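Student: Predicted model follows, preceded by the sequence.
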Amino acid sequence: MEQLNFPSYDFRFKSSENKVQIFDVIRKKFVLVQPEEWVRQHVLHYLIAEKGYPKNHINVEKQLMINNLKKRYDIVVYNRDSSIHLLVECKAPQIKIDQQSFDQIARYNMKLSSTYLMVTNGLNHYYCQMDYDEEKYVFLKEIPDFSR
């Protein structure tokens with residue numbers, strides 16, 4: 001798999017029917033390694049190992065309804081009060097992050113009302129803090145640690 005712009009992590013892999021699978025520590029199961037999944041697994045390990053996000057506050061690939069359409073977000077991290085702390089949109093490394101990527105996460109966030117947003121293709125990471133009073137987002141150098 002492609003080297004991403006994250007620290008190195010020890011992933012668990014298995015091969016089944018000539019397909020490589022990676023163990024998802026949140027969903028507690030092996031999932032097929034596709035380029036976007038490779039990025040998602042790095043983000044999960046980054047949030048847990050580097051930023052101190054508790055596993056039991058993280059949700060992966062859950063469905064939400066937007067304008068009567070079924071959509072799936074990549075990663076959501078909840079605060080202790082069940083509000084949403086962080087919404088993450090993962091793209092495959094070959095996908096350029098552009099305005100469409102930000103429009104997508106903004107549509108999801110209209111429903112979820114997260115405090116922070118992260119958009120990544122594993123190579124480039126963008127972090128934002130929502131300012132609901134001003135109806136805008138402010139770009140950050142990095143996502144804050146969970147304890148904040």
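Tutor: In hand now; what should we look at? Residues are numbered from 1 along each chain as shown.
Student: Could you work out the end-to-end span of stretch 109-128 for me?
Tutor: 12 Å (CA to CA, to the nearest Å).
Student: That should have said stretch 22-36, apologies.
Tutor: Termini of stretch 22-36 sit 12 Å apart (CA to CA).
Student: same thing with stretch 124-144?
Tutor: So stretch 124-144: terminal residues 17 Å apart, CA to CA.
Student: Now it: buried residues?
Tutor: Buried residues in stretch 124-144, counting neighbours by 16 or more other CB atoms under 10 Å, are found at 125-128, 130, 137, 143. C-beta here means a position set from N, CA and C on the backbone, and glycine is covered the same way.
Student: Of the residues you listed, just say which sits nearest to residue 25.
Tutor: residue 143 (18.4 Å; CB to CB).
Student: just checking, the closest one touches residue 87?
Tutor: No. Using CB atoms under 8 Å, residue 143 makes no contact with residue 87, being 10.9 Å away.
Student: can you list residues touching both of the two?
Tutor: 116, 118 (CB atoms under 8 Å, 6 or more residues apart in numbering).
Student: Residue 57 and residue 42: what is the separation?
Tutor: 18 Å (CB to CB, to the nearest Å).
Student: Run me through the strand neighbours of the helix or strand of the chain with the lowest mean pLDDT, direction for each.
Tutor: In the chain, no helix or strand scores lower on mean pLDDT, DSSP states H and E than strand 63-66, which sits at a mean of 85. Here strand 63-66 is paired, per DSSP bridges, with strand 69-72 (antiparallel).
Student: Nice, that's everything, thank you.
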